[in-house]
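Novice: Could you work out the structure for the sequence below:
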Amino acid sequence: MTHAAGANGEQMPSRWDPDASPVRLILCGHLGGVHRGLDTDLRDAGFSVVPALTESEVRTAIEAEPASVVVIADGEDGVGLDLLRGIVAQAPHVLAVLIAARGSIEHAVEAVKAGAYDYVARPAQSADLLPVLRRAAERARREPTVQSGGPATMIGVSAAWRHMVEVAKRAAATDAAVLLRGEAGSGKRSLARAIHAASPRAHGPFVVADELARGEEPLDIDSLSAEAAGGTLYVHESAALPLPQQERLLRILRDGENGPAPCGVRVIASSGQNLMGLAAQGKFNEALYYRLSVIPIDLPPLRARQEDLPLLARHFLLASAQRHGRTAPTISDDAMACLLSHGWPGNVAELEATMERLTILARKPVIGVEDLPPELRRDQPVLPRLRMELPEQGISLDGVERELIQRALDRYRGNQTHAARYLGISRKTLIYRMEKHRLRSR
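Specialist: Numbers count the residues shown, from 1 in each chain. As a prediction, this is how the structure comes out:
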């Protein structure tokens with residue numbers, strides 16, 4: 001078998017339904033070395049095939065009509081991986097399959113880390129590729145597409161992000177109450193919208209109850225619930241609700257226990273505070289807490305999603321450039337190292353605002369350290385004075401280099417891109433030196 005197992009280890013479905021509605025599939029790149037009749041075979045298998053040779057054509061195709069599956073042909077230059085990352089940033093719901101020019105475990109792992117659903121090594125024939133694409137199509141058909149919640153929440157490749165999205169997908173298929181827990185700016189409102197959009201209530205209203213933004217008019221949970229009939233009521237920062245409004249919300253949830261609530265509404269709440277702790281202090285209704293937290297979902301802060309930061313930054317640069325009619329700049333490795341070392345107390349919202357500022361103020365195509373706001377430049381790592389004694393018998397420079405590289409890899413859990421940035425070298429140089437010292441990512 002020429003393809004690696006999918007990221008989730010799924011088995012090929014036992015049956016392919018040719019009468020189901022066609023799955024839209026985009027073929028990206030030059031498919032030299034792949035069976036010439038592939039597009040015909042794909043159409044015969046029930047796919048709606050859209051060819052796209054360049055990155056701009058791929059982006060245009062995705063924007064024109066949502067696609068479920070994308071096939072990317074990678075070359076020796078590794079451009080396909082860059083295209084894969086761009087597609088994941090633009091449309092994280094798309095299932096991408098990479099056809100690689102070179103087949104290796106390391107390359108397969110890198111592809112999956114970049115967001116690939118699966119990986120096929122050349123030479124690839126239809127018999128190799130079709131089972132992979134059928135699995136992807138089956139998954140696209142059966143899973144709700146949690147994608148319309150905005151870039152703050154729905155872009156990522158990190159384990160924390162993947163776990164959050166998996167729980168959100170399961171929650172979307174139900175009418176159970178959901179409690180979103182996370183810091184300010186982590187994307188709670190965006191995730192609530194995404195869950196609503198992927199739920200059976202997607203065609204109903206999405207109504208926000210936000211005590212912190214209500215202005216002079218008092219918040220009326222009853223009227224907002226009626227407004228959300230047939231859809232979703234999202235209670236933002238529920239800890240801010242006055243106790244009388246908490247009682248009304250509790251009554252709405254109780255009324256729905258033995259059947260549809262009078263207004264037929266699904267409740268999603270969020271909080272950046274510990275509601276259980278507030279309940280213990282008498283500052284939050286304990287019964288309401290338990291009814292809201294049927295399905296709790298924790299949103300990780302951006303500092304815990306370092307693998308996602310480059311994808312998010314690129315997405316926000318592209319989105320800002322489109323809004324302001326500009327060409328999106330890129331970020332230098334040194335500048336990205338500063339972004340990765342920043343704590344991001346404002347989370348994804350802070351990153352989005354920062355990328356918009358950089359897009360508007362950019363005077364050159366590549367953003368360098370000097371272009372970053374002062375608070376980000378202050379976070380740039382400074383090389384400490386190494387505490388080491390030089391032995392009289394001498395020391396191996398190669399040994400010191402090997403130890404530094406290993407420590408950098410350990411620091412970033414084997415992520416070569418981040419380790420290279422930390423060491424101030426290119427990824428190719430890091431790989432060369434790893435091979436030289438016979439090092440492997442742990």
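Novice: now residue 405: how far from residue 419?
Specialist: 7 Å (Cβ to Cβ, to the nearest Å). For every residue, glycine as well, the C-beta is placed using N, CA and C.
Novice: the more surrounded of the two?
Specialist: Between residue 405 and residue 419, counted using other Cβ atoms under 10 Å, the more crowded position is residue 419 (23 against 20).
Novice: The more buried one: which element?
Specialist: Counting by DSSP states H and E, the element that carries residue 419 is helix 416-423.
Novice: Who are the packing partners of that helix?
Specialist: When contacts are defined as 3 or more Cβ pairs under 8 Å, 6 or more residues apart in numbering; DSSP states H and E, helix 416-423 packs onto helix 333-341, helix 397-411, helix 427-436.
Novice: buried stuff in stretch 423-432?
Specialist: 423, 425, 430 (16 or more other Cβ atoms under 10 Å).
Novice: Including pLDDT and distance to residue 361, could those go into a markdown table?
Specialist: Converted to a markdown table, the buried residues of stretch 423-432 look like this (pLDDT from 0 to 100; distance: Cβ to Cβ, whole Å):
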| residue | pLDDT | distance to residue 361 |
| --- | --- | --- |
| 423 | 84 | 29 |
| 425 | 81 | 29 |
| 430 | 87 | 32 |
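Novice: got the angle between the helix holding residue 419 and helix 397-411?
Specialist: Relative orientation of helix 416-423 and helix 397-411, computed by axes from the mean of the first three to the mean of the last three Cα atoms, to 10 degrees: 120 degrees.
Novice: contacting residues around helix 416-423?
Specialist: Here helix 416-423 makes contact (Cβ atoms under 8 Å, 6 or more residues apart in numbering) with 306-307, 310, 333, 336-337, 340, 381, 404-405, 408-409, 411-412, 426-427, 429-431, 434, 441.
Novice: do that again at 6 Å, thanks
Specialist: 333, 337, 408, 409, 412, 427, 430 (Cβ atoms under 6 Å, 6 or more residues apart in numbering).
Novice: Grab the nearest non-local neighbour of the last one.
Specialist: It stands for residue 430. Excluding its sequence neighbours, the residue lying closest to residue 430 (Cβ to Cβ, 6 or more residues apart in numbering) is residue 420, at 4.1 Å.
Novice: same deal with residue 360?
Specialist: Nearest in space to residue 360, with sequence neighbours left out and distances taken as Cβ to Cβ, 6+ apart, is residue 324 at 6.1 Å.
Novice: can you tell me how far that neighbour sits from residue 356?
Specialist: Residue 324 sits 8 Å away from residue 356 when distances are taken as Cβ to Cβ.
Novice: Looking at these two, which one has more neighbours?
Specialist: Shown here are residue 324 and residue 356; by other Cβ under 10 Å, residue 356 has more neighbours (17 against 11).
Novice: Can you tell me the element that one falls in?
Specialist: In this structure, residue 356 sits in helix 347-361 according to DSSP H and E.
Novice: Just give me the closest of the buried residues of stretch 423-432 to residue 96.
Specialist: residue 430 (25.2 Å; Cβ to Cβ).
Novice: number of nearby residues for the residue nearest to residue 430?
Specialist: Neighbours of residue 420 (other Cβ under 10 Å): 24.
Novice: tell me which element residue 156 falls in.
Specialist: Assessed by DSSP H and E, residue 156 sits outside every helix and strand.
Novice: Now for it: which residues touch it?
Specialist: By Cβ under 6 Å, 6+ apart, the contact set of residue 156 is residue 308.
Novice: Was I right to think residue 249 contacts residue 222?
Specialist: No: using Cβ atoms under 6 Å, residue 249 is not in contact with residue 222; the gap is 9.2 Å.
Novice: higher neighbour count, the two?
Specialist: Between residue 249 and residue 222, residue 249 has the larger neighbour count (other Cβ under 10 Å), namely 25 against 14.
Novice: Name the nearest residue to the more buried one, ignoring sequence neighbours.
Specialist: Residue 249 sits nearest to residue 221 (Cβ to Cβ, 6+ apart), 5.1 Å away.
Novice: How many residues are close by that neighbour?
Specialist: Neighbours of residue 221 (other Cβ under 10 Å): 23.
Novice: One more: residue 51?
Specialist: Residue 51: 12 surrounding residues under other Cβ under 10 Å.
Novice: So it lies in a helix, does it not?
Specialist: No: under DSSP: H, G, I helix; E, B strand; the rest coil, residue 51 falls outside any helix and is assigned strand.
Novice: Which of the three states applies to the closest residue to it other than its chain neighbours?
Specialist: Spatial nearest neighbour of residue 51, excluding adjacent residues (Cβ to Cβ, 6+ apart): residue 27 at 5.1 Å. The three-state label for residue 27, taken from three-state DSSP, comes out as strand.
Novice: Which one of the buried residues of stretch 423-432 is nearest to residue 155?
Specialist: Closest approach to residue 155 among those (Cβ to Cβ): residue 430, at 25.5 Å.
Novice: can I assume residue 234 sits in a strand?
Specialist: Yes: Residue 234: assigned to a strand according to three-state DSSP.
Novice: Next up, the contacts around it.
Specialist: Contacts of residue 234 by Cβ under 6 Å, 6+ apart are 192, 208, 268.
Novice: okay, now the domains of this protein?
Specialist: Here the domain parsing of the chain from automatic domain parsing is 3-142, 151-298, 303-377.
Novice: Now mean pLDDT too, for those domains, in JSON lines please.
Specialist: Below are the domains of the chain laid out as JSON lines (pLDDT from 0 to 100):
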{"stretch": "domain 3-142", "mean pLDDT": "68"}
{"stretch": "domain 151-298", "mean pLDDT": "87"}
{"stretch": "domain 303-377", "mean pLDDT": "89"}
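Novice: Quick one: the ones you listed as a markdown table, columns for distance to residue 398 too.
Specialist: As requested, the domains of the chain are exported to a markdown table (distance: least, Cβ to Cβ, whole Å):
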| stretch | distance to residue 398 |
| --- | --- |
| domain 3-142 | 23 |
| domain 151-298 | 33 |
| domain 303-377 | 24 |
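Novice: what's the distance between residue 416 and residue 316?
Specialist: Going from residue 416 to residue 316 by Cβ to Cβ gives 24 Å.
Novice: same thing with residue 195?
Specialist: 22 Å.
Novice: which one of those two has more residues nearby?
Specialist: For residue 195 versus residue 316, neighbours defined as other Cβ under 10 Å are more numerous around residue 195 (31 against 24).
Novice: That one touches residue 174, doesn't it?
Specialist: No: using Cβ under 6 Å, residue 195 is not in contact with residue 174; the gap is 9.8 Å.
Novice: Can you verify my assumption that residue 338 contacts residue 373?
Specialist: No: when contacts are counted by Cβ under 6 Å, residue 338 is not listed as touching residue 373 (9.8 Å).
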